[in-house]
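Engineer: below are the sequence and a predicted model for it; my questions follow.
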Amino acid sequence: MLISMMSSPLAGYLDDWTDEALCGWMEQPSPPEYIVKEVKKRAIFCNNALPVDPKAASDKSLNVLKNSGIKIYDIIFSDEIKEELIKLVPLSSIEGYINLFKNYQLAYVQDQISCSFNIKKASYDENYEGTIQNREIANGSIYFKGTDVTFDGQWKMGGLSNDPKYFNEEVDIRLTKDGHFVGKMAYFNLLVEKDAASENPMYVELQKHPQSKPFNYKEYNKSAEIWINIGTSAGGVMKISNCKDRKQIEKDRKQIEKDGKQIEVASELPLFEIEDEAFNLILEKADFIATYPPQKQDRTNDFQLHKSFIQGSLRLSSGKEIVFSTTVFKQDLDNEEKLVIYVGDDFGEPAMEPFTLHRDSLQIKCRSELMNQWGWLSFISKTSDTKNARNQQCHYDYFKGANDSEAWELFQAVLGGTDSILDYLEANVE
């Protein structure tokens, strides 16, 4: 009934078609039946999609209409038959795999995880469980996000394996909830030497393997080993390690940027070296030797720790001793070791007179808080503050170029003895 209903309108519809248009359809492997009927009705002979003279139809070289009574139908296979056909007929690419994952419970990774991977060969010559060989045949990065598993890697087997598409496009793998890989991937097992004939990849199926060490995507700080069978006597092992989530990757990126900036700053500050994210003084050390007990002083601010008047000398590595006598305190700061000493004004401490002479010009040169208007001069042996490290370097450079050997020698002695003086204060002054 359906054919009857359709034949009338189709016949009217085809009246306006040219012979060339009909012959174009006749070039198709399975032209529609109503097209075939119209061609027969018009007694058209077609050759290379064009109508020809009927008298030439006897020429055997012409593509005349033959076997027009044969009908072609699409074959529909069940899922089970499709899976069996896939096993029987090898595919030339990863495309076309059907229902690979329907029988598995797949993992879902909430936040992206990035890991390193490498693949090594496995042999079964020595034992049936398999032995991992030392040769690395592939490496790169692997990413987990949602149910997707993607690769950015490179085979190292020469020939076609040099094409990155075999990891970027020819891999269709998922992670199961219990940490195994399932799916299919292009796989290169044979090494191709230079100028040798290329080897096409195999397309192997990954399944749960008893030798595998599953990947725990919830606690990904441990490595995993995914065993891959490529035959009865050969295989490979994919090791997954160095995993980080997106937050850790961003944290590492910022740390790298910070380290880079610190290294750049450190190159400008030869007085310091970077250790544990802090600038540490590398000047030659001096030891403070007290000649009288410390005299505790009243604090004018809460940040003044162990404030006292001390008397003694700073012994250099050469054995020379430089008199050191003044009021000092440790400034209470996080991530910083700072000694503050009183150098006074024009009528200040006699031992500090070499500093007093440079007070005004030092403030103009360095414009820092390490030398203030009330006569206090700071010395830093450790800091996480780049600005303070720069200021200390400026003070060092100033005295080095001041053409005042006495002030320069005293400055080096106090800066080199900063840690020793701070230790003395902490041990002897409440």
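Structural biologist: Yep, it's here.

Engineer: contacts and neighbour counts: CA atoms only from here.
Structural biologist: Fine.

Engineer: please, where are all the helices along the stretch 51-200 of the chain?
Structural biologist: 79-88, 165-168 (DSSP state H, counting those that start in this stretch).

Engineer: how many residues are close by the closest residue to Met157 other than its chain neighbours?
Structural biologist: Closest residue to Met157 apart from its sequence neighbours, by Cα to Cα, 6 or more residues apart in numbering: Leu191 at 4.6 Å. As a burial measure, Leu191 scores 15 neighbours (other Cα atoms under 10 Å).

Engineer: surely Leu191 and Gly158 touch.
Structural biologist: Yes. Counting by Cα atoms under 8 Å, Leu191 touches Gly158, with 6.2 Å between them.

Engineer: how many residues are close by Leu357?
Structural biologist: Leu357 has 14 nearby residues by other Cα under 10 Å.

Engineer: and Asn127, how far is that from Ser233?
Structural biologist: 11 Å (Cα to Cα, to the nearest Å).

Engineer: same deal with Glu268?
Structural biologist: Distance from Glu268 to Ser233, by Cα to Cα: 61 Å.

Engineer: ok, Phe279 next?
Structural biologist: Distance from Phe279 to Ser233, by Cα to Cα: 58 Å.

Engineer: who has more neighbours, the two?
Structural biologist: Higher neighbour count among Phe279 and Ser233: Phe279, with 26 against 12, using other Cα under 10 Å.

Engineer: list the beta-bridge partners for the more buried one.
Structural biologist: Ile274, Thr383 (DSSP bridges).

Engineer: show me what contacts it?
Structural biologist: Listed by Cα atoms under 8 Å, 6 or more residues apart in numbering, the contact partners of Phe279 are 266, 272-273, 382-384, 386, 389.

Engineer: in TSV: the residues you listed, plus pLDDT and neighbour count.
Structural biologist: Below are those laid out as TSV (pLDDT from 0 to 100; neighbours: other Cα atoms under 10 Å):
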residue	pLDDT	neighbour count
Ala266	65	18
Phe272	91	23
Glu273	89	18
Lys382	95	23
Thr383	93	22
Ser384	89	19
Thr386	87	16
Ala389	92	23
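
Engineer: tell me the one among those residues nearest to Gln295.
Structural biologist: Closest approach between the contacts of Phe279 and Gln295, by Cα to Cα: Lys382, at 26.3 Å.

Engineer: what's the pLDDT at the closest residue to that closest one other than its chain neighbours?
Structural biologist: Ranked by Cα to Cα, 6+ apart and with sequence neighbours excluded, the top spatial neighbour of Lys382 is Asn280, at 4.6 Å. Note for Asn280: predicted pLDDT of 93.

Engineer: just confirm Asn280 contacts Thr383, I think it does.
Structural biologist: Yes. With contacts counted by Cα under 8 Å, Asn280 reaches Thr383, the gap being 6.9 Å.

Engineer: related to what we said a few turns ago, which of the helices of the stretch 51-200 of the chain has the lowest mean pLDDT?
Structural biologist: The weakest mean pLDDT among the helices of the stretch 51-200 of the chain belongs to helix 79-88, with a mean of 55.

Engineer: flag the shaky bits of the stretch 251-400 of the chain, pLDDT-wise.
Structural biologist: 259-263, 265-266, 345-348 (pLDDT under 70).

Engineer: that one: strands as residue ranges?
Structural biologist: In the stretch 251-400 of the chain, the segments counted as strands under DSSP state E, counting those that start in this stretch are 272-275, 278-281, 287-296, 304-315, 321-331, 336-342, 376-383.

Engineer: quick one: these as CSV, columns for distance to Thr131 too.
Structural biologist: As requested, the strands of the stretch 251-400 of the chain are exported to CSV (distance: least, Cα to Cα, whole Å):
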stretch, distance to Thr131
strand 272-275, 43
strand 278-281, 47
strand 287-296, 61
strand 304-315, 65
strand 321-331, 62
strand 336-342, 54
strand 376-383, 52
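
Engineer: I figured Gln331 hits Asp302, correct?
Structural biologist: No. If you go by Cα under 8 Å, Gln331 and Asp302 don't touch, sitting 9.1 Å apart.

Engineer: who has more neighbours out of those two?
Structural biologist: Between Gln331 and Asp302, counted using other Cα under 10 Å, the more crowded position is Gln331 (20 against 8).

Engineer: separation between the more buried one and His306?
Structural biologist: Going from Gln331 to His306 by Cα to Cα gives 9 Å.

Engineer: how about Tyr34?
Structural biologist: 106 Å.

Engineer: please identify which of the two sits among more neighbours.
Structural biologist: Between Tyr34 and His306, counting by other Cα under 10 Å, His306 is the more crowded of the two (24 against 15).

Engineer: these two touch, right, the more buried one and Val429?
Structural biologist: Yes. Under the criterion of Cα under 8 Å, His306 makes contact with Val429 at 5.2 Å.

Engineer: between these two, what contacts are shared?
Structural biologist: Shared contacts of His306 and Val429, counting by Cα under 8 Å, 6+ apart, come down to Lys296.

Engineer: same question for stretch 185-195: list its buried residues.
Structural biologist: With burial defined by 16 or more other Cα atoms under 10 Å, the residues of stretch 185-195 counted as buried are 185-190, 192.

Engineer: hmm, I typed the wrong one, I wanted stretch 169-180.
Structural biologist: 169-177, 179-180.

Engineer: cool, and stretch 282-289?
Structural biologist: 285-289.

Engineer: now swap in stretch 408-423 and tell me
Structural biologist: 408, 410-422.

Engineer: and which of these is nearest Lys121?
Structural biologist: Closest to Lys121, out of all of the buried residues of stretch 408-423 and judged by Cα to Cα, is Asp419, at 56.8 Å.

Engineer: can I assume the closest one is in contact with Ser381?
Structural biologist: Yes. Using Cα under 8 Å, Asp419 is in contact with Ser381, at 6.8 Å.

Engineer: give the intersection of the neighbour lists for these two.
Structural biologist: Glu337.

Engineer: and the furthest pair within the buried residues of stretch 282-289?
Structural biologist: Greatest spacing in the buried residues of stretch 282-289, by Cα to Cα: Lys285 and Ile289 (13.2 Å).

Engineer: how does the protein divide into domains?
Structural biologist: Following the assignment in automatic domain parsing, the chain carries domains at 2-58, 109-247, 280-428.

Engineer: all helices of the stretch 301-430 of the chain, in order?
Structural biologist: Using DSSP H, counting those that start in this stretch, helices in the stretch 301-430 of the chain cover 353-356, 359-366, 386-400, 405-416, 418-428.
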